[in-house]
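S.K.: Show me the folded form of this:
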Amino acid sequence: MRRTLAEASAAPGQPPDPDHGLRGLPPAVAPAPSGPGTGSGLPVPGAAPAAPGTAAVDADVPAAVGRVLAEILRRRTAQAAALDGVFARDVAERVARFTLDGGKRMRSRLLWWSLRACGGGTDMAGTACALRVAAALELVQTCALVHDDVMDHSPLRRGRPALHADLAAQYATSVPREAGGSFGAAAAVLAGDLALAWADDTFADAGLDPEAAHRVRGIWSAMRTEMVAGQYLDVQGQATACRSAARAVRIAWLKSALYSVERPLALGAALAGAGAAATRALRSAGRCAGIAFQLRDDLDDVFADPRRTGKPSGDDVREGKPTYLTAVARANAAARGDRSSLAVLDRALGVRDLSPADLAEVRQVLVSTGARAAVEDRIGRLLAHSMRHLAGAVPETPALHRLRELVCTVAGTDPAAGPAPRYGPGAPKAAHRAAGAERGSR
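M.R.: So this is what the prediction gives:
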C-alpha cells in the first residue's frame, strides 16, 4: 500500500507530519471574506472604500474604474507576494502596472454608458457592482493584449516595451541569449493567464444579486470563449495565408468586435435589467461599431503615425495577418489583372524583417488598388448602421448621447464632424490626434 509523504516522514510510532515538504515556505494566507470590496482569498487590511455616486462616475468613468482596479490589484499583488517574492515582482506586479498605467478604459465606458442609457446605475449598490464588472473587463483586456503581443512578436505596446520583451530584457544577463526570447514569451503567457484568473475572480466577487448574476454570467462566459476563438482564427489565418475578405471580417468580429464593443454594451444592458428589444438593439449597434473598430485598427497599423499608436507601423503586414484591408487589395488587384500589385503583396506579407521601403510599397498598393478607400467606406457604413440601432434601442437621454459619442470614437470618427478621411490632406487633425491616442492606448 502506498503511503503519503507525510506518513513516510513520520518516525516509527509517531503520527505523520502534515507539514513535511512545506518547510521554508511563507506562512499561509488565511482566506479573507469574499464578496463586494473584499477580493477573494486575500488579506483585508481595512474596510473597502465607499462606492462613488452616479454623478461622480458619470463625470469620469476611467477614474472611477481606475480606483476600483487599484484596490483590487493592491490586494492581488499582496497575495502574490505572500506566495513568492520573485513571482510577485516579475509577474503579478507587471500585470498590475500594465492594467493601471495604460488604456482609456474604453470597454468600461461602453459598459457604463450602456447601463446608464438603459436606466441603471442610479443607486450606490448598482454602481459598485457595475464598476467591479468593468474592472474585470479591464483585466480581460490585459490578458488579450499581453498574449496578442507574444503571438505577434510585437516589441512595443503603448510606446513601451511589451511585457514579454520587458521580462526578456530583465534577464538578459542571466539567461542564455538563445533562451531569452522563449523565456520572455513563456512568462508573458503566464502573466496573461494570471490577468484572466484575476478577471474571473473580480467578476465573481462583483456582488451581483442572483437575478442580475443570472443575466450577466452567460454574457461573461460567452465573451471569454469568443475572444479565444477569434485569436485562434487570427493565427490560423496567418499560418494558412487566408485571403478571404469574408473570413477576415468574421475574425475581426470574433477577435475584437465582440469583447471590445458588443459584449460590454450587452453587459451594461444586463446589469440595468434592460428588456429583450433594447438588448438586441444595443448588441446590433455594438456589433457594427466593433467591426468598424477592428477595421480602423487595421488601417492604423499600416498608415497611422507610430508615435500615436505606440506600436511599430506595419506589424500586421510583417506577421501576414489575414486582414480585411489586404484581402480587399488582393481581390481588387486580381479583378483588374494587376499582377504588379499582387506580386508586391505576395513578396511582403509575412516577412518579419520587411524594410521601410518595402512597407512603403505595400502602402502604395493598398491605396492604388482602392483597398484603403473601400475600408474607410465600410467603416462609415458600419457606423451609420450602429447609429440607427442606437436610435431605436432606448429613449433619448443625455446618457444615450454620450454613448453615441463613444461609439463614434471607437470607430475612429470625430463625433461632431462625422465620417471623414483619416489619413492625408482631408483628415481633420484634431480628430486624427484624438482617435490615434484612443487606439494607441488599447
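S.K.: Helices along the stretch 101-250 of the chain, start to end?
M.R.: 106-117, 124-151, 163-170, 177-204, 210-240, 245-252 (DSSP state H, counting those that start in this stretch).
S.K.: Now do the third one: which elements does it pack against?
M.R.: Using 3 or more CB pairs under 8 Å, 6 or more residues apart in numbering; DSSP states H and E as the contact criterion, the neighbours of helix 163-170 among helices and strands are helix 93-101, helix 124-151, helix 177-204. C-beta here means a position set from N, CA and C on the backbone, and glycine is covered the same way.
S.K.: So which residues make contact with that helix?
M.R.: 90, 94, 98, 146, 149-150, 155-157, 160-161, 175, 180-181, 183-185, 187-188, 191 (CB atoms under 8 Å, 6 or more residues apart in numbering).
S.K.: Over to the first one?
M.R.: The set of residues that contact helix 106-117 without belonging to it, under CB under 8 Å, 6+ apart, is 54, 57-58, 61-62, 65, 121, 130, 133-135, 137-138, 141, 259-261, 264-269, 271-272, 282, 286, 393-394, 397, 399-400, 402-403, 406-407, 409-410, 438, 442.
S.K.: Which ones among those map onto helices?
M.R.: Using DSSP state H, 54, 57-58, 61-62, 65, 130, 133-135, 137-138, 141, 264-269, 271-272, 282, 286, 399-400, 402-403, 406-407, 409-410, 438 are the members of the contacts of helix 106-117 that sit in helices.
S.K.: rewinding a little: now which of the contacts of helix 106-117 would you call buried?
M.R.: Buried subset of the contacts of helix 106-117 (neighbour count, 16 or more other CB atoms under 10 Å): 54, 57-58, 61-62, 65, 121, 130, 133-135, 137-138, 141, 259-261, 264-269, 271-272, 282, 286, 393-394, 399-400, 402-403, 406-407, 409-410, 438, 442.
S.K.: give me the number of residues near residue 335?
M.R.: Residues lying near residue 335 (other CB atoms under 10 Å) number 9.
S.K.: measure it to residue 268 for me?
M.R.: Distance, residue 335 to residue 268, by CB to CB, to the nearest Å: 42 Å.
S.K.: Below-threshold pLDDT in the stretch 151-300 of the chain: ranges please.
M.R.: Along the stretch 151-300 of the chain, segments meeting pLDDT under 70 span 180.
S.K.: Contacts only, for residue 182.
M.R.: By CB under 8 Å, 6+ apart, residue 182 has no neighbours at all.
S.K.: Sketch out the low-pLDDT regions of the stretch 301-442 of the chain for me.
M.R.: Using pLDDT under 70, the flagged stretches of the stretch 301-442 of the chain are 416-442.
S.K.: ranges for the helices of it?
M.R.: Under DSSP H, counting those that start in this stretch, the stretch 301-442 of the chain gives helices at 306-309, 315-319, 324-336, 339-348, 356-368, 371-391, 398-410, 429-440.
S.K.: nearest to residue 77, of the ones you listed?
M.R.: When the helices of the stretch 301-442 of the chain are compared by CB to CB, helix 429-440 sits nearest residue 77, at 26.5 Å.
S.K.: What sits closest to the residue nearest the centre of the chain if chain neighbours are left out?
M.R.: Centroid check for the chain by CA atoms, centre = their mean gives residue 141 as the closest residue, at 2.8 Å. Take residue 141 and drop its neighbours on the chain: the residue closest to it by CB to CB, 6 or more residues apart in numbering is residue 107, 6.2 Å away.
S.K.: For the buried ones among the contacts of helix 163-170, write the corresponding ChimeraX selection.
M.R.: Burial among those is assessed by 16+ other CB under 10 Å; the matching ChimeraX selection reads:
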select :90,94,98,146,149,150,155,156,157,161,175,180,183,184,185,187,188,191
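S.K.: list the contacts for the residue nearest to residue 331 when sequence neighbours are not counted?
M.R.: Once flanking residues are discounted, residue 331 sits nearest to residue 245: 6.1 Å by CB to CB, 6+ apart. By CB under 8 Å, 6+ apart, residue 245 lies in contact with 324, 327, 328, 331.
S.K.: Now rank those residues by neighbours and give me the top one.
M.R.: Among the contacts of residue 245, the one with the most neighbours (other CB under 10 Å) is residue 324, at 25 neighbours.
S.K.: For residue 225, see how far away the nearest residue to it once chain neighbours are set aside is.
M.R.: Nearest residue to residue 324 in three dimensions, chain neighbours excluded: residue 248, at 4.1 Å (CB to CB, 6+ apart). Separation of residue 248 from residue 225 (CB to CB) stands at 21 Å.
S.K.: Neighbour count for the two, which is higher?
M.R.: Neighbour count, other CB under 10 Å: between residue 248 and residue 225, residue 248 has more, with 25 against 11.
S.K.: Let me know the distance separating the more buried one from residue 315.
M.R.: Applying CB to CB, the value for residue 248 to residue 315 is 16 Å.
S.K.: Just give the number of residues close to residue 300.
M.R.: Residues near residue 300, counting by other CB under 10 Å: 23.
S.K.: got the contact list for the closest residue to residue 220 other than its chain neighbours?
M.R.: Once flanking residues are discounted, residue 220 sits nearest to residue 203: 5.7 Å by CB to CB, 6+ apart. Contacts for residue 203 (CB under 8 Å, 6+ apart) come out as 132, 133, 136, 220.
S.K.: that older thread, nearest to residue 350 among the helices of the stretch 101-250 of the chain would be which one?
M.R.: Residue 350 lies closest, by CB to CB, to one member of the helices of the stretch 101-250 of the chain: helix 210-240, at 7.2 Å.
S.K.: these two touch, right, residue 321 and residue 235?
M.R.: No. At 9.3 Å, residue 321 does not count as touching residue 235 under the criterion of CB atoms under 8 Å.
S.K.: more neighbours, the two?
M.R.: residue 321 (22 against 17).
S.K.: Not counting sequence-adjacent ones, nearest residue to the more buried one?
M.R.: Nearest to residue 321 is residue 238, by CB to CB, 6+ apart, at 6.1 Å.
S.K.: Distance check, that neighbour against residue 326.
M.R.: From residue 238 to residue 326 the distance is 11 Å (CB to CB).
S.K.: Same check on residue 271?
M.R.: 38 Å.
S.K.: quick revisit: please convert the contacts of residue 203 to a markdown table, extending it with distance to residue 345.
M.R.: Formatted as a markdown table, these follow (distance: CB to CB, whole Å):
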| residue | distance to residue 345 |
| --- | --- |
| 132 | 46 |
| 133 | 42 |
| 136 | 40 |
| 220 | 39 |
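S.K.: Neighbour-wise, give me the winner out of those.
M.R.: Most surrounded of the contacts of residue 203: other CB under 10 Å gives residue 133, at 29 neighbours.
S.K.: Just give the nearest non-adjacent residue to that residue, would you?
M.R.: residue 206 (5.1 Å).
S.K.: that older thread, now do the contacts for the residue nearest to residue 321.
M.R.: Counted by CB under 8 Å, 6+ apart, residue 238 has contacts 319, 320, 321, 322, 350.
S.K.: before we move on, what about residue 74?
M.R.: residue 96.
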